[in-house]
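[1] Return a 3D structure for these sequence lines:
(chains A and B)
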2 protein chains.
Amino acid sequence: MKSSITYENSNLRIKWLASGTSTAWLEQAVANPIEVLIDHAHCERKAAGAALQLMFRYLCEPGLAEVLSPLVIEEIQHFERVLALLKTRGRYLEPLPAPPYGAALAKKIRKAEPGRMLDSFLVAGLIEARSHERMSLLASNSPDQELRELYAELLKSEARHFCLYWMLADERYDRRVITSRLGELSEFEASILVDLHPEPRMHS
Amino acid sequence: MKSSITYENSNLRIKWLASGTSTAWLEQAVANPIEVLIDHAHCERKAAGAALQLMFRYLCEPGLAEVLSPLVIEEIQHFERVLALLKTRGRYLEPLPAPPYGAALAKKIRKAEPGRMLDSFLVAGLIEARSHERMSLLASNSPDQELRELYAELLKSEARHFCLYWMLADERYDRRVITSRLGELSEFEASILVDLHPEPRMHS
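    Alright, predicted model coming up:
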């Protein structure tokens, strides 16, 4: 599948994703729109929780709270937006077992600083970049017009999120160090998705 | 000290606080305005974290995410507001050891449901009610006009927060059960504050 895997970041083009999403994922997602939508609500709340946790861990790091705090708010607003749509379809936040994706990526975050902070930014950015890629696919290919519109609307700010994580890394680390580590993590991220997870999820 | 310890909740008057704040606290807070302000930023981020955690714990509880999610956003916006003011004074989020208040209250939350959810609402509401009472005192008595204005501005929405927690409890529990448990918890809350904590904090 042709897929945009490089993202423009002002004048810099950053290759976040090592490979594009498979046709198999899109077919699975389009066939199970509500399950993917519920999972998406969970993704938004988890993204808010992760950004808040990151802000709490590095409270005294100047310039971090100012960037993460509005990001948390935006993720929560997206969560509210998805929840509202779910309710119009008579559904709610049913619990869904998470696919292995998030936990597998989190394990790659090094335990010691300064690697821990860099990896935290890059893993968060990778998840945002993959979500953005898949939401673009749904915004173009979902047979449900209301869902196409929802994903198109959420996409606009999602694109900003991985740029923010790049910026947070770029302000604090040597660019060669970032690029090299992003290369390793993005190869790993793509490898998790090679075999389609049997349950339909944003990151199956 | 004369202190408003009963709060109007539409047609219902709820006695949240068992006793008013001491003059000793106000003197301590007014003498250490920046330390209290930094602590207040920490209180706002902790309130956001606690509400988000509560939302995550009871995800499948209808009507909870819709109330807690905007509350999380408002707490984060307050955090941003306080952080911005701190920066104009050349200060930042310095780490401050927390007073025993929050941890002591958290220990009173019962481990088993349905008591756990009720206690979570009431403890969160009590902390909001005490913050509201003390921010009112600072809004009236701080010698620093900018701080008076800040606290007065934040107060308006803080008053809504403990009403929200009351509402969440009232929709799910028998009112006699709520009132009786709130009585116990508010007596305990007041007892923590009888001896002034030596470090100036919102809840010293």
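
[2] which SS state does the residue lying farthest from the centre of chain A fall under?
    Farthest-out residue of chain A from its mean C-alpha position, per CA atoms, centre = their mean: A:G90, at 26.3 Å. The local conformation at A:G90, judged by DSSP: H, G, I helix; E, B strand; the rest coil, is coil.

[3] Can you list phi and psi of it for me?
    The phi/psi pair for A:G90 (degrees, to the nearest 10) reads phi 70, psi 20.

[4] Where does the prediction get shaky in chain A?
    A:1-13 (pLDDT under 70).

[5] Chain B contacts on that one?
    Residues of chain A lying close to chain B by CB under 8 Å from any CB of the partner chain are A:45, A:48-49, A:52, A:55-56, A:59-60, A:62, A:65-66, A:69-70, A:72-73, A:76-77, A:79-80, A:83, A:92-95. In this view, the C-beta of every residue, glycine as well, is placed from N, C-alpha and C.

[6] SS state for the residue nearest to the spatial centre of chain A?
    Nearest to the geometric centre of chain A sits A:E128, at 2.4 Å (CA atoms, centre = their mean). Three-state call for A:E128 (three-state DSSP): helix.

[7] which ones are touching it?
    Shown in contact with A:E128 (CB atoms under 8 Å, 6 or more residues apart in numbering or on different chains): A:A47, A:E158, A:H161, A:F162, A:Y165.

[8] any idea how far it is from A:A24?
    22 Å (CB to CB, to the nearest Å).

[9] Give the buried residues for whichever strand or helix holds A:S120.
    In this assignment (DSSP states H and E), A:S120 forms part of helix A:115-141. By neighbour count on 16 or more other CB atoms under 10 Å in any protein chain shown, the buried set for helix A:115-141 is A:117-139.

[10] Stretch A:24-33 too?
    Neighbour-count burial for stretch A:24-33 [16+ other CB under 10 Å]: A:W25, A:L26, A:Q28, A:A29, A:V30, A:N32, A:P33.

[11] and the gap between the residue nearest to the centre of chain A and A:R160?
    Counting by CB to CB, the gap from A:E128 to A:R160 is 9 Å.

[12] picking up where we left off before, dump the contacts of A:E128 into CSV; add neighbour count as well.
    Converted to CSV, the contacts of A:E128 look like this (neighbours: other CB atoms under 10 Å in any protein chain shown):
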residue, neighbour count
A:A47, 24
A:E158, 21
A:H161, 22
A:F162, 25
A:Y165, 25
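
[13] tell me which of those is nearest to chain B?
    A:A47 (11.7 Å; CB to the nearest CB).

[14] what's the first-to-last distance across stretch A:25-44?
    20 Å (CA to CA, to the nearest Å).

[15] Just the residues contacting that stretch, thanks.
    Contacts to stretch A:25-44, defined as CB under 8 Å, 6+ apart, come from residues A:1, A:75-76, A:78-79, A:82-83, A:85-86, A:89, A:91, A:93-94, A:96, A:98, A:131, A:134, A:137-138, A:141-144, A:147, A:193, A:196, A:199-204.

[16] ok, now stretch A:110-122?
    A:54, A:58, A:61, A:108-109, A:165-166, A:168-169, A:172-173, A:177-178, A:181-182, A:185.

[17] Please flag which of the residues you listed sit within helices.
    Counted as lying in helices by DSSP state H, out of the contacts of stretch A:110-122, are A:L54, A:Y165, A:W166, A:L168, A:A169, A:V177, A:I178, A:R181, A:L182, A:L185.

[18] In helices, which of the contacts of stretch A:25-44 appear?
    A:75-76, A:78-79, A:82-83, A:85-86, A:131, A:134, A:137-138, A:141, A:147.

[19] so A:H78 touches A:L154, yeah?
    Yes. Between A:H78 and A:L154 there is a contact at 5.5 Å, judged by CB atoms under 8 Å.

[20] thought A:W166 was touching A:A129?
    No. Contact criterion CB under 8 Å: A:W166 and A:A129 do not qualify, at 9.4 Å.

[21] so what's the closest residue in space to A:A65 that isn't next to it in sequence up against?
    Of all residues not flanking A:A65 in the chain, A:M55 sits nearest, at 5.3 Å (CB to CB, 6 or more residues apart in numbering or on different chains). Listed by CB under 8 Å, 6+ apart, the contact set of A:M55 reads A:L64, A:A65, A:L68, A:S69, A:V72, B:R45.

[22] and which of these is nearest A:W16?
    Nearest to A:W16 out of the contacts of A:M55 is A:L68 (CB to CB; 18.8 Å).
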